[in-house]
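J.: model this:
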Amino acid sequence: MTVRVLVVEDEELAAEAHATYVGRVPGFELAGVAHSATDAMRMLQRDDDVDLVLLDMHLPDGHGLGLLQRLRAEGRTLDVIAVTSARDSEVVRRAVSQGVVLYLLKPFTFAAFRGKLEQYAEFRARLESAPGDVVQDDVDQLFGALRSRPTGEAVPKGMSLDSLRQVVEALREAPDGLSAAEAAAEIGISRVTARRYLEHLADEGRVTRSPRYGGTGRPEVGYVWIR
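T.: Presented below is the predicted three-dimensional model:
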């Protein structure tokens, strides 16, 4: 069964990226994109077949939790994954209490996004195949599907998550970007290794590549964090 997804995100570029990501995950289909809580309510009133909402917490006409509260008050039981930069523990607590099944913090890679959707798909598949009367083991397996994967980012084989995070931190602190040589010097790894991580981030759409000219040598490639 295909899971129909509504993306609720006010930032245009982020909304486009999340919509594109949904289309890249097998078993999921984009139902629409809403840029505000009002738009989201209007779209959900028109479309009763939405299964999952990817919900940002910072919306121009209210908080995401306010939208979620309205949905629950109307008796809507559709599932919600928070996709947000909101790191306040109180927001997380309230999100859980209102039935948010997963919480994905920005920024993230496509691999991390895909992992959350795959976790949800596994949970949904187990729920739909569960017997009418469940035993404790059935319940444990259902909830285990939402906790079976580590919460960190997925990285390709041969890469270190810790090194990737160091590269990300260095890029975020360099408004003009870094070359592979500069990243290597900053972090203390080889230039070849730094380039692998930078290229990985570029392929994931988290940095942009741009040529750097100057000096007498070959032009370097600069990598700039997308803010």
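
J.: for the lengthiest helix in the chain, packing partners?
T.: Longest helix of the chain, by residue count under DSSP state H: helix 110-129. Applying 3 or more Cβ pairs under 8 Å, 6 or more residues apart in numbering; DSSP states H and E, one finds that helix 110-129 contacts strand 3-8, helix 12-24, strand 79-84, strand 100-105, helix 136-144. The way it works is simple: take the backbone N, C-alpha and C, and place the C-beta from them, glycine included.

J.: dump these to JSON lines, plus mean neighbour count.
T.: Formatted as JSON lines, the helices and strands packed on helix 110-129 follow (neighbours: other Cβ atoms under 10 Å):
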{"stretch": "strand 3-8", "mean neighbour count": "23"}
{"stretch": "helix 12-24", "mean neighbour count": "15"}
{"stretch": "strand 79-84", "mean neighbour count": "22"}
{"stretch": "strand 100-105", "mean neighbour count": "18"}
{"stretch": "helix 136-144", "mean neighbour count": "12"}
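
J.: any idea which of these gets closest to A34?
T.: strand 3-8 (4.8 Å; Cβ to Cβ).

J.: I'd like the next helix or strand past the helix or strand bottoming out on mean pLDDT in the chain.
T.: Within the chain, no helix or strand scores below helix 136-144, which has a mean of 71 by mean pLDDT, DSSP states H and E. Per DSSP states H and E, the first helix or strand lying C-terminal to helix 136-144 is helix 161-172.

J.: elements contacting that next one?
T.: Packing contacts for helix 161-172, counted by 3+ Cβ pairs under 8 Å, 6+ apart, involve helix 180-187, helix 191-203, strand 220-225.

J.: what distance separates that helix from the centre of its chain?
T.: 17 Å (Cα atoms, centre = their mean, to the nearest Å).

J.: tell me the mean pLDDT over it?
T.: Taken as a whole, helix 161-172 has an average pLDDT of 84.

J.: tell me what angle it forms with strand 220-225.
T.: With axes from the mean of the first three to the mean of the last three Cα atoms, to 10 degrees as the basis, helix 161-172 and strand 220-225 are set at 90 degrees to each other.

J.: ok, back up a step: need the helices and strands packed on helix 161-172 in a markdown table (columns: distance to R172 and mean neighbour count).
T.: Shown next, in a markdown table, are the helices and strands packed on helix 161-172 (distance: least, Cβ to Cβ, whole Å; neighbours: other Cβ atoms under 10 Å):
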| stretch | distance to R172 | mean neighbour count |
| --- | --- | --- |
| helix 180-187 | 12 | 18 |
| helix 191-203 | 11 | 18 |
| strand 220-225 | 5 | 19 |
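
J.: may I see the helices and strands packed on helix 110-129 arranged in a markdown table, with distance to L67 as well?
T.: Shown next, in a markdown table, are the helices and strands packed on helix 110-129 (distance: least, Cβ to Cβ, whole Å):
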| stretch | distance to L67 |
| --- | --- |
| strand 3-8 | 7 |
| helix 12-24 | 15 |
| strand 79-84 | 9 |
| strand 100-105 | 12 |
| helix 136-144 | 25 |
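
J.: minimum distance to L59: which of those has it?
T.: Among these, strand 3-8 sits nearest to L59 (Cβ to Cβ), with 7.1 Å.

J.: pick out the residue nearest the middle of this protein.
T.: In the chain, the C-alpha nearest the mean C-alpha coordinate belongs to F113, at 3.9 Å (Cα atoms, centre = their mean).

J.: contacting residues for it?
T.: 18, 21, 25, 83, 104 (Cβ atoms under 8 Å, 6 or more residues apart in numbering).
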